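Trainee: I'd like to go over a predicted model; first the sequence, then the structure.
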Amino acid sequence: MPRLHVCSLALIGETVAKTGARSLVTLLSPGTEVERPIGIRPERHLYLALSDIVEPMPGQVLADATHLENLLAFIHAWDRAEPMVIHCFAGVSRSTAAAYIAACALNRGRDEFAIARAIRAASPTASPNPRLIALADDALRRRGRMNEAIATIGRGETCFEGTPFTLELG
């Protein structure tokens, strides 16, 4: 069964090694460097440079339709033969949103609320970025259900680094 593993920047090498992942999604603020772990080929690594914000702020990069289109294209191109790791700086907001979006995009018939509850059960710190969720809700034509499901699970526990988790896609 295909799996997504969500973690912080500090844990990507360890998570890739432990899970055998061969695909990686990085969501970091512009200019933040990341060393691609051994085992991840360049063409299997998507780096999205965007800030963890929900409305425009000077000097920050707000997630937009192009970021979402690139994420969805990468997710749909994933062969699911090996796991995928998705990370952001803390493993709390951008990465949990991307994992939720991936699960919704790859499981068109799966209930948005069930996926959101699975994320909350797996990680008490998960707080999916509402801006990314809103973009995906619109693009995937979920009619507000993705937004509502994430609002229902609420903000996760406050932390400096999120609890890594695995999301089953089946």
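Mentor: Done, it's in.
Trainee: for residue 125, what are its contacts?
Mentor: By C-beta atoms under 8 Å, 6 or more residues apart in numbering, the residues touching residue 125 are 91, 92, 156, 157, 159, 162, 163. Heads up, the C-betas are built off the backbone N, CA and C, glycines and all.
Trainee: In ChimeraX, how would I select the buried members of these?
Mentor: The ChimeraX selection below is limited to those of these classed as buried (16 or more other C-beta atoms under 10 Å):
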select :91,92,156,162,163
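Trainee: Against residue 51, how distant is the residue of the chain positioned farthest from its centre?
Mentor: Going by C-alpha atoms, centre = their mean, the residue of the chain most distant from its centre is residue 58, 24.2 Å out. Distance, residue 58 to residue 51, using C-beta to C-beta, to the nearest Å: 11 Å.
Trainee: Okay, residue 140 and residue 40: tell me how far apart.
Mentor: 26 Å.
Trainee: Please disregard the earlier target; I meant residue 152.
Mentor: Using C-beta to C-beta, residue 152 is found at 34 Å from residue 40.
Trainee: follow-up on the earlier one: wait, is the residue farthest from the centre of the chain part of a helix?
Mentor: No - in this structure, residue 58 is coil, not part of a helix, as judged by DSSP: H, G, I helix; E, B strand; the rest coil.
Trainee: Great, nothing more from me.
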